[in-house]
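Peer 1: A structural model of the following input is requested.
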Amino acid sequence: MRRAVLAAWAAAGLLLVSACATPTAGSDPSPASSPHDPGSPTVVGLGDSVMGGTNCGCSGIMSLYAEQEHAASPSTRIVPVNLGVPGATTSTLRSDLQSSSVLSQVARARVVVVIIGANDLIPQLRRWQRSGCSESCYAPAVTAMGERLHSVLGSVAAARRSSTGAVLVLDYWNVFRDGEQTRQSQGQEIIDWARTVSRLANSTICRASRDFHDTCVDLYGPMLGTDDDPSDLLAADGDHPNAKGVDLIVDRLVAATPRAVFGG
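Peer 2: Numbers count the residues shown, from 1 in each chain. Purely as a prediction, here's the structure:
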């Protein structure tokens with residue numbers, strides 16, 4: 001059902017916009033009502049609730065990215081297509097990319113942005129909360145996530161074989177919760193452990209992206225900043241970026257986008 005809905009929206013040329021109210025995990029974002037001009041370049045976002053816009057209180061990563069790129073290249077109207085799905089994993093995204101209509105969106109996009117992998121590791125978080133989860137517990141899961149991501153990026157590369165543009169793969173500031181919100185409710189220990197897992201996950205994500213000559217865009221350092229605290233960039237749930245956090249992510253994407261992509 002989930003894949004069929006995505007395929008139908010993609011085939012209709014509808015923009016999938018971020019849901020700024022809190023979507024439930026595993027729900028699909030809602031499509032906008034008007035189709036885009038087929039002559040305009042598109043930027044397509046694939047991924048989880050970060051891409052989907054959960055709790056950001058904003059229009060979402062892809063809309064703001066398109067706005068900034070349009071500002072840099074005013075003669076070019078850039079259309080955002082957000083296929084982010086809260087609760088998505090590398091497995092569900094890999095399944096979605098079996099749809100020819102979703103692949104066609106990816107194929108004709110000027111830029112594809114991917115953020116995925118954090119939800120793959122939720123079982124390890126639950127195990128840590130029950131009884132601890134050392135490297136021998138989480139490392140195999142991170143490796144498996146990386147293998148599935150490699151398959152995802154392979155599907156993206158195959159669809160874009162004759163396309164120009166760029167594929168930008170985001171990593172995470174934390175694959176779980178962070179910030180003062182989490183520190184107060186769950187303690188520093190879980191943050192320290194989660195960041196250890198995140199660093200391994202991020203290196204795995206970037207390694208997979210390099211295999212396809214994609215650009216890996218780091219969020220870990222910029223989000224944590226010099227004070228090692230992303231609190232002011234996170235929503236009240238401590239899990240998703242707020243509007244300020246999304247602005248930082250978009251700035252990172254713009255900086256990583258080759259200027260020639262939009263004729264700038």
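Peer 1: Could you list everything the residue nearest the centre of the chain pairs with in the sheet?
Peer 2: In the chain, the centroid-proximal residue (CA atoms, centre = their mean) is residue 115; its distance is 2.4 Å. Residues in a beta bridge with residue 115, per DSSP bridges, are residue 47.
Peer 1: do you know how far it is from residue 263?
Peer 2: Computed as CB to CB, to the nearest Å, the residue 115 to residue 263 distance reads 26 Å. (Glycine included, C-beta is placed from N, CA and C.)
Peer 1: likewise residue 244?
Peer 2: 30 Å.
Peer 1: Mind checking which of those two has more residues around it?
Peer 2: For the pair residue 244 and residue 263, the greater number of neighbours falls to residue 244 (14 against 11), based on other CB atoms under 10 Å.
Peer 1: Could you check how far the helix or strand containing residue 113 is from the centre of its chain?
Peer 2: Using DSSP states H and E, residue 113 falls within strand 111-115. Its chain's C-alpha centre lies 7 Å from the corresponding centre of strand 111-115 when counted by CA atoms, centre = their mean, to the nearest Å.
Peer 1: same for that strand, what does it pack against?
Peer 2: strand 42-47, helix 49-52, helix 61-72, helix 135-159, strand 166-170 (3 or more CB pairs under 8 Å, 6 or more residues apart in numbering; DSSP states H and E).
Peer 1: any low-confidence regions in this structure?
Peer 2: 1-38, 264 (pLDDT under 70).
Peer 1: about what we covered before: what's downstream of the strand holding residue 113, the next helix or strand?
Peer 2: In the C-terminal direction from strand 111-115 (assignment by DSSP H and E), the next one is helix 122-131.
Peer 1: Other residues contacting that following helix?
Peer 2: Helix 122-131 has contacts (CB atoms under 8 Å, 6 or more residues apart in numbering) with 133, 137, 138, 141, 176, 190, 193, 194, 197.
Peer 1: tell me the two of these that are most distant?
Peer 2: 141 and 190 (16.9 Å; CB to CB).
Peer 1: Tell me if I'm right that residue 139 and residue 203 touch.
Peer 2: No. The pair residue 139 / residue 203 is not scored as a contact, 11.3 Å apart, by CB atoms under 8 Å.
Peer 1: Name the helix or strand for residue 204, please.
Peer 2: Going by DSSP H and E, residue 204 is part of helix 188-211.
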